[in-house]
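Chemist: based on what follows, work out the 3D shape:
(chains A, B, C and D, ligands or ions: 4)
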Amino acid sequence: MTIDREKLLDIYTRTMKVAGFDEKMRSLLMSGKLATIYYTMRGQELVTSAMMAALNQDDYLVTTYRGQHDQIAKGVPLDLLIAEIAGRATGTCKGKGGSMHITHPATGVMVTTGVVGSGLPIANGLALSSQNKKDGKVTVTCFGDGATNIGAFHEALNMAQLYKLPVIFLCQNNHYGEHTAFADHTKVDSIVTRAAAYGMRGVKVDGNDAVAMYAAAKDAVDRARAGEGPTLIEAMCYRMMGHFFGADFSYMPPEHIEEMKAQDPLPKLNALMLEHQFPQAELDAIVAKLAAELDAAVAFAFDSPFPDADEIRKDVFEEEIAA
Amino acid sequence: MTIDREKLLDIYTRTMKVAGFDEKMRSLLMSGKLATIYYTMRGQELVTSAMMAALNQDDYLVTTYRGQHDQIAKGVPLDLLIAEIAGRATGTCKGKGGSMHITHPATGVMVTTGVVGSGLPIANGLALSSQNKKDGKVTVTCFGDGATNIGAFHEALNMAQLYKLPVIFLCQNNHYGEHTAFADHTKVDSIVTRAAAYGMRGVKVDGNDAVAMYAAAKDAVDRARAGEGPTLIEAMCYRMMGHFFGADFSYMPPEHIEEMKAQDPLPKLNALMLEHQFPQAELDAIVAKLAAELDAAVAFAFDSPFPDADEIRKDVFEEEIAA
Amino acid sequence: MSDTETLEASASKAKKPKQITMVQALNAALDEAMAADEGVILLGEDVGAKQGGGVFKVSSGLSEKYGDHRIRATPISEQAIMGACVGAALAGMRPIAEIMLMNFVTVAMDQIVNHAAKLRFMSGGQTNVPMVIRTTTGVGVGFGGQHSDMLEAWFAHVPGLKIVTPSNAADAKGLMRSAIECNDPVIFIENILCYGLKSEDPGVDYRVPLGKAAVAREGSDVTLITYGRTVLDALEVAETLAGEGVSVEVIDLRTIAPYDEATVTASVRKTGRAVVLHEAVRSYGTGAEIASRLHEALFNELKAPVQRIGGAFSAVPMASVLEQAWIPSKDEIADAIRTTMEWKR
Amino acid sequence: MSDTETLEASASKAKKPKQITMVQALNAALDEAMAADEGVILLGEDVGAKQGGGVFKVSSGLSEKYGDHRIRATPISEQAIMGACVGAALAGMRPIAEIMLMNFVTVAMDQIVNHAAKLRFMSGGQTNVPMVIRTTTGVGVGFGGQHSDMLEAWFAHVPGLKIVTPSNAADAKGLMRSAIECNDPVIFIENILCYGLKSEDPGVDYRVPLGKAAVAREGSDVTLITYGRTVLDALEVAETLAGEGVSVEVIDLRTIAPYDEATVTASVRKTGRAVVLHEAVRSYGTGAEIASRLHEALFNELKAPVQRIGGAFSAVPMASVLEQAWIPSKDEIADAIRTTMEWKR
Ligand SMILES: Cc1ncc(C[n+]2csc(CCOP(=O)(O)OP(=O)(O)O)c2C)c(N)n1
Ligand SMILES: Cc1ncc(C[n+]2csc(CCOP(=O)(O)OP(=O)(O)O)c2C)c(N)n1
Ligand SMILES: [Mg+2]
Ligand SMILES: [Mg+2]
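Modeler: Ligands and ions are numbered 1, 2, ... in the order given. Modelled structure (predicted):
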C-alpha cells in the first residue's frame, strides 16, 4: 500500500492538531484552569485523522464522549470547541452540551453521545436520509470496543446492511471499555468477526499505521458513496491513559502498557513522514503553527462570557419556555 | 443418526398432545366459546417436543407468547393451562397472566414473555443461578427468527458465552416475524451464523426431522450440563397459519405455502413412527387417550370460576395493596 | 390485530356520507403529509405492502404509492427504528417511527429520552428532531400485562417531548398533520379501542393545532378533564349526571404536552370543581400534575379538592373480569363527581 | 468517577471515631449481605477486582472475598445485566444489578418494567423477583444532559417496584440491607454528590425499614417533604428560616415507594402547610403525586396550597452556571416556604 504525499501531510496535520489539543486540555485540567470531565484520546489520534481525511466536510459524523479527536479531525473549529468544553456562551452548543455533546453541523458533526452504542442507530438515520435524498453523503460513526456488546450495535448493523446504507461503523478498538479489558467483555477474538453476522463487509486494520488505516477508510468511503453499502472497520489502537482525565489505570497490566507504548502513533507517524521525505523542520513548522492556533483558541474560550441563566428556557422546544 | 424407540414414543406423545391442544383451541376460538388472543404454533410442534424430551422436568424454560407448545411439551398440565387461557381463577396464574404469560415453576416454566427477545437475558439469569448453585439444571429459551434482530438477543448471547452458562438458545426459525419474511428482516442467510459472533457453538437443524432435532437438542443439553457452555440451535420450521389465530396471512407467497405443507411435521412424524415399527393402532390409541385428557381439561377450565375482582390488589407486592 | 370495532357502535349509529374511522383518518393524514413533503417517511415493523400495510393497517396502501424507501418495513429492532428516525430528522427529514404497541417503547427509551428529546437543547439549538413516534395501546381488549400500558406520564416528565392523543377520528387526522409538521419530537398515542371510531371526514389538509384542548361538552358545575378513549366514558357519564341535575363540562386535552393550562384553568375557575380522569395507572399519572397545577392556581376558588381517577395499581390483568375491575369504571367517575359536588369546604 | 467529597464538609465537621462515608456504608452493607446469604450476587460494569472494584468503588474488595461468580463484571450490556438479575431472582437468588448511571436505565426499561415489576402479578404469585437495582445520578457535578437525570417518578408510576433513596451514609447502609432482603424488586438510587457524606457507623446488621420516612428535623409551621441529596438543602433552609421565626419540619422520605403516607399526612395535619422538594424535573415529578395526595386528604385543613419545587424544564445543562440555574436553589426553597406562610385562604 502506498499513499500520496499530500494526503499524508493532511493526515499528519490533523493528527498533530488533535495531539496538541489533547495535551493542552490535560495541562489546563491539571493546573485547575479548567474543571470538567474530559476523556482523553491519547493513543487514538491517528485512527480518526486517517478516517476523516477520507471524508468530505459535509459528510456526517456521529461520535462519543471520547470523540474530541474525531471532531477536530472532521474540522470543528478549535475555538468553538474549547469554548464549549469550558462552558461558555460562545461554544458550539452555547455551553449547554459540553465535551460529551459536541454538535457542529457546519462540519458535519451531527451528534456526540454519552450513551454507549447509541450513536450507531442515529448514524443509520443520517445515512438513510442521504440514500433517500441521493445527496451523496457518507456517514461515519465512531465507537469503542466495549460498545460492540450493547444491543444498539446489533440492531444498527443489521438494519444498515438490510437497507445497504452509506454508513461506516468505525470501531476504535482500544482494548478497554472503562476498566474492563477486551478479553473480559467478550469471547470473540476480534470485533470484525461480527460483521459476518449481518452479511456485512468487515475490515480489521492497524489504526496506528497511517497508510493501512487511510486505505481502509478510503475504500469504505468509496464503496458507501458508490451505493455498495456499509462497512465495519475495526481499527486497533490503544487508550494510553485512564478512562477519563485523572482516572486511575492501575488495572492495566504492565505488559499491556509496554505494548501500547511501543505502538504510540505519534512517533510512528513522525517516522513515516521522514520516510516520505518530509523534512523535520517542515513538520516542526506545522506543529508550531498549530500551537499558535490552539493558543488563540484557548484565549478565545477563556475570554468568552458564560451563558445567561435564562438559556435553560431556550432550545427545549422551538418556542421558548415561559419564565 | 438413530434414536431409541422409547424416546421416539416420548416425542410422539408430546407432539400429539400439543397438536391436539392446538386444534382444540382453534375450534374453541372459532366457535366463539373462547375469546382471547392465541398464537397458534401449528407447524412447530415437533421442534419443541424433541427439545423438551431431552430435558428433565426441573430444567428451566423461558418462552414467548407463541410458547404453548413449549409449555405443554415441558409438562404444564393441560387443565391449568387452559383455565389460564380462559381467564379462570384456577389457571396457572389465576387468570392474571393469560396465554402470553404462562408460568408454572413446578414444571420449570419460569417465564413466558410477550416482548420479543426479552426472554433471553432472563434465561441467562436462571442459568447463572444454576452455575452458582451447581444444581445441574439446564435452561432452555425459545424464540423466533424475528427476535434475533433485537438488542436483547445480542447482549444475552455475548454474556452467556462469556460466563459459559448452561443455557440453550432455541431459535424456532419459522421464516416469518409477524408479516415480515426472514429475507426481509436480515441479510444473513441463517441465524446460526450469528453464533460465531460470540464464539458460541451453533447448530442448524431441520426441526421437522425428529431424529436430527432430538440429537441436536440432546447434544446441547449434555454439553450445557457438563459445563461446556451454551449452544445456539436454529431449528428450521414453518408457521403454518397467521401470526395469531384469525390473522390474515395472504402476504405469504404460494410457493412458501406449498413448501411448508410438504414439511408438515405431523404426517412426517407419523410416517417415522411407522418406519420404527409402531403400529398405527397403537399411535391412534395414544391420540385417543390424549383427546380424552384434553376434553377433561377443557371441561375443568370452563367449569372453573372467574377470579375475584380484588385479585388486582394481590401479587403486586408480597404484601397485599390496601383497597 | 383483532376487532377494533368495539366502540364504533356507540360513537356513530347513523351512516352519514363522509364518515371515516380513526384508522382511515390516520392513513389519510399520512398519505397527505407524504404527498406534500417527500421528507416524510415511515419506519416500523410490517408497515409495507409486502407485509399487508401494518398490523393495524394504518399504513395500508402507502408503500405502493410512495415506495419502499419512504415506507420502510423494519426488522424487530425498536432501538434501530427510533435511532434511524432521530438521525433522519437531524438531517432535515420528517420521519415517523411506528412502535407497534406502547409497551415496546421500553426498549427504545434511550433514543427517545436521551436523544430525541435532548438534542435540540444539548446542541444549543443547532439541530432539532422533527419526528413523530406513533404507537398504540389500550386496556379492554385482553392483551394483558405487557401490551396494554399507558405511559404518557413518563414522557410528560421529559423536557423536549410533545405528547398527543386523539379521542376521535377527525382529531386524529388533524393532530397527525400538526404532529408531522412540528419541529420537535412528538409522541402520538393511539388507542386500539378507538381505531374503529368514526367521525365525519374533516377533509383534506385539516389541522388541529398542538397545545389546544377541546371543550367536548359544556357544563357549569364541575370540569371533567381527560384525553383519549376515556373522553367517551366522560361524555357518557356527563349525560347520566345531567339527568341528576349536575352540569358537567368535559375537556378533551388532545395534547398532553404542551398542556393547555389556559383552557383548563378557565373552565375550573368557572365551575369551581374538577375531576381528572385517565386510563393510565392513577398513581404518579398525569392526573397528579394536572390536579397539582389546579390546586396551585385556584386553591382559594376551588369548592372541593380535585379528584383523580385512573387505572388500578397493578399490571393490567388478562382475565376479562379483572381487566374490567382495573379500568376506571363509569360508576367510579360518576361517584367522584358526586363526591366533588357534595363537598363542604 | 471524580470528587465526591463536595458535600462532606457540610455534613460532618468533627472527626468522630467511627465515621463512614456513604460509599463505605454501601460497601459494608453489600459485604454483610453477601456474607449472610450466598444468594446475594452483584452484576455490573467494572465491579470486579480486576477492574478496580467499580468506577465509584462501591464494590471494592468484594470480588476478592466472594469470587468472580458472585461479583460479576459484565460487558456493557444493561439489558443483559438486568435480565440476568431477573432470572437469578426468579431462581431464588437475591441479585443486585448495578447500572452505572441512572440515565442508562433507559436501555433496560423493558426488563425492569415489563418483567421485574410484573412477574409476580402475571404469574399469579407463583414467582417473585427479589432483586435490587442500584444506580447513581445527581445534578451539580457537570456531567451534562445524559448523565444527571433523576427518573424516580417513572418507576413510582409502575406498580410492582419499590424505590429507595438515602440521604446519608447510615440510612444508605440500613436501607440497602432491607432492600436486599425485600422479596420484590427495589430501585436503589444513590446520589453521586452524597457518596462522600459521612455518618457515624451504625454498626453491623443495621436495618432501616422500607416504607418509613424519617422526620429529619421537627417543626410546627410548615412541612418540607423531600428525599436524597436535597434533604441537606432542606435542613439548611430550615435553619435559615428558624432565624426568621418559621419552624420547618423536614421529612426525609427515604423510600419513595412505598410512600409513607401516614407520617407525611400526620405532619401536614399538624403544620397545615407543606412544600415538596426534589431534584428531578418539577413537572410530572413525584412532587405532583405527593401534593395531590395531600390536597385530597387535607383539603379543608390546609392553610395554603402545597408548593412544589424541582428541577427546571430542560435537559440538565453542562455549563456550571446553567447547571446551577437548573437546580432548585435554597433561595427558591425558602421563598416557597415564605409564600406558603403568608398565604391567605
Ligand atoms: C449504556 C451505557 N452504559 C454504560 C456507560 C458508562 N460508560 C461510559 S464509557 C464506557 C466504556 C466504553 O468503552 P468503549 O466502547 O470501548 O469506548 P472507549 O471509552 O474505550 O472509547 C462505559 C461503560 C454509558 N455511557 N452508557
Ligand atoms: C419488542 C417487541 N417488538 C414488537 C413486538 C410485536 N411482535 C409480537 S410477535 C412479533 C414477531 C416475532 O417474530 P419471531 O421472533 O420470528 O417469532 P414468531 O412470532 O415467528 O414465533 C412481533 C413483531 C413485540 N412483542 N415486542
Ligand atoms: Mg474501548
Ligand atoms: Mg418467526
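
Chemist: just the element for the closest residue to ligand 1 within the stretch 201-323 of chain A, please.
Modeler: Evaluated by C-beta to the nearest ligand atom, the stretch 201-323 of chain A has A:Arg239 as its residue closest to ligand 1, separated by 5.5 Å. Heads up, the C-betas are built off the backbone N, CA and C, glycines and all. Element membership of A:Arg239 [criterion: DSSP states H and E] is none; it lies in no helix or strand.

Chemist: and stretch A:259-266, is it in reach of ligand 3?
Modeler: No - contact of stretch A:259-266 with ligand 3 (C-beta under 5 Å from the ion) is absent, the minimum separation being 12.4 Å.

Chemist: who's in contact with the residue of the stretch 201-323 of chain A found nearest ligand 3?
Modeler: Nearest to ligand 3, among the residues of the stretch 201-323 of chain A, is A:Arg239, at 6.1 Å (C-beta to the ion). By C-beta atoms under 8 Å, 6 or more residues apart in numbering or on different chains, the residues touching A:Arg239 are A:Met41, A:Arg42, A:Gly43, A:Gln44, A:Asn174, A:His175, A:Tyr176.

Chemist: neighbour-wise, which one of the residues you listed leads?
Modeler: Greatest neighbour count in these, by other C-beta atoms under 10 Å in any protein chain shown, goes to A:Gln44: 28 neighbours.

Chemist: wait, that one touches A:Gly207, no?
Modeler: Yes - taking contacts as C-beta atoms under 8 Å, A:Gln44 lies within contact range of A:Gly207: 7.2 Å.

Chemist: how many neighbouring residues does the closest residue to chain D within the stretch 151-300 of chain A have?
Modeler: Across the stretch 151-300 of chain A, the shortest distance to chain D (C-beta to the nearest C-beta) belongs to A:His179, at 3.6 Å. Other residues near A:His179 come to 25 when the count uses other C-beta under 10 Å.

Chemist: just give the nearest non-adjacent residue to the closest residue to ligand 4 within the stretch 101-250 of chain C, would you?
Modeler: Going by C-beta to the ion, ligand 4 is nearest to C:Phe104 of the stretch 101-250 of chain C, at 16.6 Å. Leaving aside its chain neighbours, C:Phe104 sits nearest to C:Glu78 (5.5 Å; criterion: C-beta to C-beta, 6 or more residues apart in numbering or on different chains).

Chemist: mind giving me the packing neighbours of the host helix or strand of C:Met341?
Modeler: Using DSSP H and E, C:Met341 sits within helix C:330-342. Packing partners of helix C:330-342 (3 or more C-beta pairs under 8 Å, 6 or more residues apart in numbering or on different chains; DSSP states H and E): strand C:222-226, helix C:230-243, strand C:274-281, strand C:307-311.

Chemist: thinking again about what came up before, pretty sure the residue nearest to C:Phe104 contacts C:Asn103?
Modeler: No - at 10.6 Å, C:Glu78 does not count as touching C:Asn103 under the criterion of C-beta under 8 Å.

Chemist: what about the helices in the stretch 101-250 of chain A?
Modeler: A:119-133, A:151-163, A:210-225 (DSSP state H, counting those that start in this stretch).

Chemist: and those helices: which comes nearest chain B?
Modeler: helix A:151-163 (1.7 Å).

Chemist: and that closest one, does that touch chain B?
Modeler: Yes - counting by C-beta under 8 Å from any C-beta of the partner chain, contacts between helix A:151-163 and chain B involve A:Gly151, A:Ala152, A:Phe153, A:His154, A:Glu155, A:Asn158, A:Gln161, A:Leu162.

Chemist: so which of those wins on neighbours?
Modeler: Of these, with other C-beta under 10 Å as the count, A:Glu155 tops at 33 neighbours.

Chemist: I'd like the helices and strands packed on helix C:330-342 written out as a markdown table, with mean pLDDT and mean neighbour count added.
Modeler: Shown next, in a markdown table, are the helices and strands packed on helix C:330-342 (pLDDT from 0 to 100; neighbours: other C-beta atoms under 10 Å in any protein chain shown):
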| stretch | mean pLDDT | mean neighbour count |
| --- | --- | --- |
| strand C:222-226 | 98 | 29 |
| helix C:230-243 | 98 | 20 |
| strand C:274-281 | 98 | 26 |
| strand C:307-311 | 98 | 24 |
